[in-house]
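Visitor: task: produce atomic coordinates for the following.
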Amino acid sequence: RKGRLIMHAWLAALCGMAGGGALAALPLFFARSNHFEPLPDDSENQKNRIGRDSTSAVTLDEVMACLPAATLVLNDTRLPCVISPEAKRQFTNSIGSIIRHPAFQSCVDRLLAQKKDDQQPAEALIVLDIPHYRVVRAWLQKKTVPDVFLSEGYRKGGGAFSSRTTLVFVALHDETETVLAERQHTDFVAFASHELRTPLASLLGFIETLQGPAADDPGIQQEFLGIMSEQAKRMQRLLDGLLYLSRVQMQEHHRPRETIGIAELLKRLSDEAAGLIAGKPVRFQVQADDVQELCVQGDEAQLLQVLMNLVENALKYGLFDRSKRHDEPLGITVACARAAKNAGWPTEPGLVLSVTDTGPGIPARHLNRLTERFYRVAKTAASVQGSGLGLAIVQQILARHDGRLSVDSTVGEGTTCRIWLPLIG
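Guide: Modelled structure (predicted):
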């Protein structure tokens, strides 16, 4: 709502200067001209003089370059004659797609068809899928302005004040993040409800059975109590994950100040992971060569949680596929190295921590959604216990540490999760 009011304000101001308020705005537009002196009564001579001095006038290009908003102007042939620098910055590769979009063109058609005494602003919602998903809201207003305000290439009457051109002024607002946030909120509520409802329904069903048909059967009671315990633990893990994620989000804008040695962090990881892999067919190794001097600024407990989440994921999903790999042990390798230049990471000095496994791999279509809350790959969701919050927590913690996460995977070969963190010094 606030963005909409701001866009309407900029559009009204721009149209006011260029359209109905053109004469009132002339002293401002010609302020930098040493020759402009308004004539008190002779309006016809004043118009002619303005036409002669049009080369020194401030044009729409220059006015719009001062606006901190994404705006553009179309002429009566629907071609853009002015695009503000802010519009170019925000919509670099999408301006053409926005203008050609059917919803936008339909809006322009309605505006240009309006009669002079009934000119109402219009609004269009543009959804783009190429080159990437974007939702853009456009506010449009038609105004007829003197040619003097246009750059020379778009003047029909040679720049004379009496010559006028019909233009469509457009203000653009990118609503992609808002739409995605609303969608994620909706998905979050739906998934959270589903994840809690399933174990809760199981518990209620077992309780009814224990109170009825199995009331006097100790064997069934023991079996059902074991299942009920697992379902209760599942709900507890889900709630613990949600609470932890909430705590991390509350700290998101408080950058941690603790200095962490990477060698010590990897040693703690190795100690804690030993309990996870004990008795399992896993070959686990930590490659910590040449990391003694590497330090980052952060929260050690949270960074350890990040690495543990990645190791747990590799373990759970890697062992799920073990039956198809002829009983070969699952390989999990944690490594650390200085970030290479021109490798897609930020330009400042950093290090890359990686967790690589030899598990089943993840199809490419799922990779971009792995950090969404509750998102799980359908093939393994029914067979592998998990809340779908692990990588969401990883992403949130890394955002607090100004870090980055990338996931590369090849089906049948394995997955590598890489974490970039800025180095101290």
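Visitor: next SSE after the longest strand anywhere in the chain?
Guide: Longest strand of the chain, by residue count under DSSP state E: strand 134-146. Using DSSP states H and E, the helix or strand that follows strand 134-146 in sequence is strand 164-174.
Visitor: mind giving me the packing neighbours of the helix or strand just after that next one?
Guide: Downstream of strand 164-174, the next assigned helix or strand under DSSP H and E is helix 176-211. Contact here means 3 or more Cβ pairs under 8 Å, 6 or more residues apart in numbering; DSSP states H and E; on that basis helix 176-211 packs against strand 134-146, helix 218-250. (C-beta placed from N, C-alpha, C; glycine too.)
Visitor: which of those sits most buried?
Guide: Among these, the stretch with the highest mean neighbour count (mean count of other Cβ atoms under 10 Å) is strand 134-146, at a mean of 20.
Visitor: any idea how far it is from the middle of the chain?
Guide: Put simply, strand 134-146 sits 26 Å off its chain's centre (Cα atoms, centre = their mean, to the nearest Å).
Visitor: use 30 as the first number from now on
Guide: In the new numbering, first residue 30, that becomes strand 163-175.
Visitor: partner strands of that strand and their direction?
Guide: Sheet pairing of strand 163-175 (DSSP bridges) gives strand 151-157 (antiparallel), strand 193-203 (antiparallel).
Visitor: can you list the residues that contact stretch 330-344?
Guide: Applying Cβ atoms under 8 Å, 6 or more residues apart in numbering, the contact partners of stretch 330-344 are 273, 277, 285, 289, 294, 297-298, 301-302, 305-306, 309, 311, 313, 325, 359, 361, 363, 382, 384, 386, 388, 419-420, 422-423, 426-427, 429-430, 444, 446, 448, 450.
Visitor: give the buried residues for it.
Guide: 331-340, 342-344 (16 or more other Cβ atoms under 10 Å).
Visitor: dump these to JSON lines, plus pLDDT and distance to Ala244.
Guide: Output for these, formatted as JSON lines (pLDDT from 0 to 100; distance: Cβ to Cβ, whole Å):
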{"residue": "Gln331", "pLDDT": "91", "distance to Ala244": "48"}
{"residue": "Leu332", "pLDDT": "94", "distance to Ala244": "51"}
{"residue": "Leu333", "pLDDT": "93", "distance to Ala244": "47"}
{"residue": "Gln334", "pLDDT": "91", "distance to Ala244": "44"}
{"residue": "Val335", "pLDDT": "93", "distance to Ala244": "47"}
{"residue": "Leu336", "pLDDT": "94", "distance to Ala244": "48"}
{"residue": "Met337", "pLDDT": "93", "distance to Ala244": "43"}
{"residue": "Asn338", "pLDDT": "91", "distance to Ala244": "42"}
{"residue": "Leu339", "pLDDT": "94", "distance to Ala244": "46"}
{"residue": "Val340", "pLDDT": "93", "distance to Ala244": "44"}
{"residue": "Asn342", "pLDDT": "89", "distance to Ala244": "41"}
{"residue": "Ala343", "pLDDT": "90", "distance to Ala244": "44"}
{"residue": "Leu344", "pLDDT": "89", "distance to Ala244": "40"}
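Visitor: returning to what we had before: mean pLDDT lowest where, among the strands paired with strand 163-175?
Guide: Out of the strands paired with strand 163-175, strand 193-203 stands lowest, with a mean of 89 (criterion: mean pLDDT).
Visitor: okay, now stretch 305-314: how far is its last residue from its first?
Guide: Start to finish, the residues bounding stretch 305-314 are 13 Å apart (Cα to Cα, to the nearest Å).
Visitor: same check, this time on stretch 320-333
Guide: This stretch, stretch 320-333, spans 16 Å end to end (Cα to Cα).
Visitor: one more: stretch 377-391?
Guide: End-to-end span of stretch 377-391 (Cα to Cα): 30 Å.
Visitor: so for that stretch, mean pLDDT?
Guide: Mean pLDDT, stretch 377-391: 91.
Visitor: one more: stretch 122-136?
Guide: Stretch 122-136 shows a mean pLDDT of 91.
Visitor: could you do stretch 275-282 as well?
Guide: Mean pLDDT, stretch 275-282: 74.
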